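Asker: Sequence and predicted structure below; questions after.
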Amino acid sequence: GRDGAVSGAVPPRRALEPRRRLPCRAPRRARRAGSPSPGRTPAGRAPTSPPPPERERRGLRSPEGGPPSARSPRIYTRTGDEGFSSTFTGERRPKGDRIFEALGTTDELSSAIGLASELSSEKGHAFVEQLHKVQCMLQDVGSNIATPLSSAREAHLKRTSFSEEPILELEKWIDRYSEQLPPLRAFILPSGGKSSAALHFSRAVCRRAERCVVPLVQAGEADPNVAKYLNRLSDYLFVLARYAAMKEGKEEKIYTKPKP
């Protein structure tokens, strides 16, 4: 009949539609503060990770870009922005102080020797190991220079003392190479191939480092053995430059008086 349900008949459309549910909204107070709803971001953007910690926002990340690490301190300290730096004894001195001039020149010397060492290594010279040892000794030279005796305590002196042994070792090396070289009969110009020329350049820087250190020794601020070491080192570099030229079969250029 009209009032009876017909088998298989489709029920009214309204009965099949599920009830629409409005999305959850954050409390009105949170919306006013600008907080997005859980799982949603403003303007429909994808959820992002939480903001980095304060240390990361300050640039204290590791070199790989990961989280900050106690093992990777910043290179810059900003403590020298006013033109002053510290000695090992804790003194604050102007960067133009002769102590820092001597330190900088010693660092330049080590860099020059490093370049000479790389060029000599390409030629297979056996004395490269000696140059590496010299660079290590120059670190000790710098430690002694950075510890002015006028303000050093006993603990400082024990850590930065410079003995006579490295000087004696240089003298042995000088004698060994000198015995193999032809007699020196004229002034030699920096030449004799790349290895030799780089060693000559290192010798010139070493002379300047010695000139910077001698006033400190005379003023009682540095160990006399430091100046002696630099003096022998320049002689060693000169002999080694000649030796490198000989081993490589390179001609050394000699001084000739220009014609008028």
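Answerer: Sure thing, it's come through.

Asker: check contacts around Gln135.
Answerer: Contact analysis of Gln135 by CB atoms under 8 Å, 6 or more residues apart in numbering lists 110, 113-114, 117. For glycine as for every other residue, the C-beta is placed from the backbone atoms N, C-alpha and C.

Asker: Between those residues, which sits nearest Arg92?
Answerer: Distance to Arg92, by CB to CB, is smallest for Ser110 among the contacts of Gln135, at 25.0 Å.

Asker: Check what pLDDT that closest one gets.
Answerer: Looking at Ser110, its pLDDT reads 98.

Asker: Same question for the one 3 residues further on.
Answerer: The per-residue pLDDT reported for Ile113 equals 98.

Asker: how close does Tyr76 sit to Ser196?
Answerer: Separation of Tyr76 from Ser196 (CB to CB, to the nearest Å) stands at 38 Å.

Asker: The two: which is more packed in?
Answerer: Neighbour count, other CB atoms under 10 Å: between Tyr76 and Ser196, Ser196 has more, with 27 against 8.

Asker: that older thread, for ChimeraX, what selects the buried ones among the contacts of Gln135?
Answerer: A single ChimeraX command selects the buried members of these (16 or more other CB atoms under 10 Å):
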select :110,113,117
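
Asker: Now secondary structure too, for the contacts of Gln135, in a markdown table please.
Answerer: Formatted as a markdown table, the contacts of Gln135 follow (DSSP: H, G, I helix; E, B strand; the rest coil):
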| residue | secondary structure |
| --- | --- |
| Ser110 | helix |
| Ile113 | helix |
| Gly114 | helix |
| Ser117 | helix |
